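Undergrad: Give the three-dimensional model of this entry:
(4 chains)
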2 protein chains.
Amino acid sequence: MNEKFFSLPEEKQQAIINAGFRVFSQNTYKKSPVSEIASEAGISKSLLFYYFRNKKELYLFLWEKCAQVTIEYMREYGCYDKKDLFEMMYSGMQVKIRIMKQYPDMGVFVIKAFYEKDPEVCGEIQKSYQKLKGLSASATLAGIDPGQFAEGLDLRMMYREMYLASEGYVWEMVSSGKIDADKMEKDFTEIIEFWKSIFLRKGQVPGGTAKGE
Amino acid sequence: MNEKFFSLPEEKQQAIINAGFRVFSQNTYKKSPVSEIASEAGISKSLLFYYFRNKKELYLFLWEKCAQVTIEYMREYGCYDKKDLFEMMYSGMQVKIRIMKQYPDMGVFVIKAFYEKDPEVCGEIQKSYQKLKGLSASATLAGIDPGQFAEGLDLRMMYREMYLASEGYVWEMVSSGKIDADKMEKDFTEIIEFWKSIFLRKGQVPGGTAKGE
DNA sequence: ACCTCCGCTGACCGTATCGGTCAATTATTA
DNA sequence: TAATAATTGACCGATACGGTCAGCGGAGGT
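TA: As a prediction, this is how the structure comes out:
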């Protein structure tokens, strides 16, 4: 691809990227018109072909952008070095919110790309996915003090429950069409407070876990 | 549409319907080729145009099929007259499993159709949706005995939590590509048991709620 | 044997759209 | 103003689309 793309003003780059995410996430690879991406980004089709040699290159660039962005934000929000489970869930959700705010259609694009069947791209997609595999969520319960939780609580199920509920929440947001980052943050802290109220051992010093609020 | 469609063998009807769901759920209305639907259903394009006058009629038929199927199964599984909250969640999930089993792509089709922008169909979609509105989930917590739950539990949040987790679960299943009804049933009863263990008041007669197992 | 109905198809049509190119036009810089 | 870079509209060949239609082949009636 043409390196001059990166010297474009940030907003223009994002406009192009987001247009790509939108169109590719709404159609199959083959049925996604480059012209639609261009016009949605506010540039001509010719210019888009000036930055990216062809459709495939654009598509693969977007795919790699997803990985890059995810890793970058997870590092930025300190997802890798959280000790407290609730803090971990919280910063994980913050990353999702942050990404959805900046690239609203990235999430859907990722799964569509992952299951894309078109032989023109599916090979490269799968290959590049193998490289990233180890970095996946796979949040370990290791290193978490079990003593803080209510007696007899099944920790594995608790984690699964929290994971599913947060997935359900972003799914609800995604499919509702509109993304309100503030509301999401508010909703999710409420959910986390609820989790604390039901999962943590009763009779603890209030606010004694993590940073509290 | 041609009424002869309904005198087709059930399996052929379903093949056509599922092919429609698949193709329309993967592309925009305009970019969804009728020919692809036909070939996936194992019939010729001409025959498909024999049953449905045009693309729009096929699309709208599929849309109404969603409502019909949902209502039918919710009635069949007694979703409307469950007193116990966990039983309600359970039968609700059973309906989803049942539908996903028979029409794997219906769920995605519904939301895609709902947000379809194409002026050729979006008017009709919205109009017919208004008619169904009242029937939506909107599961009421009224009629549920609050005494059975743990002290100080926020019932509204509990319900929201359960709802989100189950949404998250079906989302996980849908996006994983493969649908294993047995596994889903097993997973979900496990989740419900977990809910009971954390939400119900402690020291109750074991198995005293609902039908237990 | 012939006719007729009917489920079903392949070939076809006019049009629209697609990926990609390129010469030309405009903005930028020196 | 000259040279260079950014940006575009028009264009091309190929293909895919929605929809039509004449006709095939088999089942039954006579």
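Undergrad: Excluding chain neighbours, give the residue nearest to A:Met100 in space.
TA: The shortest distance from A:Met100 to any non-neighbouring residue, by CB to CB, 6 or more residues apart in numbering or on different chains, is to A:Ile179 (5.2 Å). All C-beta spots, glycine's among them, are computed from the backbone N, C-alpha and C.
Undergrad: Could you say which helix or strand holds that neighbour?
TA: Under the criterion DSSP states H and E, no helix or strand holds A:Ile179.
Undergrad: before we move on, what about A:Ala15?
TA: helix A:10-26.
Undergrad: Which of the residues in that helix are classified as buried?
TA: Residues of helix A:10-26 classed as buried by neighbour count (16 or more other CB atoms under 10 Å in any protein chain shown): A:13, A:15-26.
Undergrad: Please apply the same query to stretch A:176-192.
TA: A:184, A:187-188, A:191-192.
Undergrad: Which ones among the residues you listed lie within helices?
TA: A:184, A:187-188, A:191-192 (DSSP state H).
Undergrad: just to revisit the earlier point, residues in contact with the residue nearest to A:Met100?
TA: Neighbouring residues of A:Ile179 by CB atoms under 8 Å, 6 or more residues apart in numbering or on different chains: A:100-101, A:104, A:173.
Undergrad: Excluding chain neighbours, what is closest to the residue in chain A positioned nearest to chain B?
TA: Closest contact between chain A and chain B, by CB to the nearest CB, is at A:Gly168 (3.2 Å). In space, and not counting its chain neighbours, A:Gly168 is closest to B:Gly168: 3.2 Å by CB to CB, 6+ apart.
Undergrad: now do A:Ser91
TA: A:Tyr77 (4.6 Å).
Undergrad: and the closest residue to A:Val110 other than its chain neighbours, helix, strand or coil?
TA: Nearest residue to A:Val110 in three dimensions, chain neighbours excluded: A:Cys66, at 5.2 Å (CB to CB, 6+ apart). On the three-state scheme (DSSP: H, G, I helix; E, B strand; the rest coil), A:Cys66 is labelled helix.
Undergrad: Could you report the distance from A:Arg98 to A:Glu190?
TA: A:Arg98 is 19 Å from A:Glu190, where distance means CB to CB, to the nearest Å.
Undergrad: what does A:Asp84 give?
TA: 18 Å.
Undergrad: repeat for A:Ile16
TA: For A:Ile16, the distance to A:Glu190 - CB to CB - is 36 Å.
Undergrad: What of A:Phe52?
TA: Distance from A:Phe52 to A:Glu190, by CB to CB: 43 Å.
Undergrad: Quick check on the contacts of A:Ile179: which are buried?
TA: Judged by 16+ other CB under 10 Å, buried ones among these: A:100, A:104, A:173.
Undergrad: want to try a markdown table for those residues, with pLDDT and secondary structure as columns?
TA: As requested, these are exported to a markdown table (pLDDT from 0 to 100; DSSP: H, G, I helix; E, B strand; the rest coil):
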| residue | pLDDT | secondary structure |
| --- | --- | --- |
| A:Met100 | 94 | helix |
| A:Pro104 | 94 | coil |
| A:Met173 | 90 | helix |
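Undergrad: I'd like the residues you listed written out as CSV, with distance to DNA strand C added.
TA: Listed next are these as CSV, based on distance: CB to the nearest atom of the strand, whole Å:
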residue, distance to DNA strand C
A:Met100, 26
A:Pro104, 22
A:Met173, 29
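Undergrad: What is the nearest of those to DNA strand D?
TA: A:Pro104 (23.4 Å; CB to the nearest atom of the strand).
Undergrad: Okay, now the unreliable bits of chain A?
TA: A:133-140, A:204-213 (pLDDT under 70).
Undergrad: Enumerate the residues of it near DNA strand C.
TA: Contact residues, chain A versus DNA strand C (CB under 7 Å from any atom of the strand): A:32-36, A:45-46, A:49, A:53-56.
Undergrad: which one is A:Gly107 nearest to, not counting chain neighbours?
TA: A:Val174 (6.1 Å).
Undergrad: Over to A:Cys122?
TA: Closest to A:Cys122 by CB to CB, 6+ apart is A:Glu116, at 5.3 Å.
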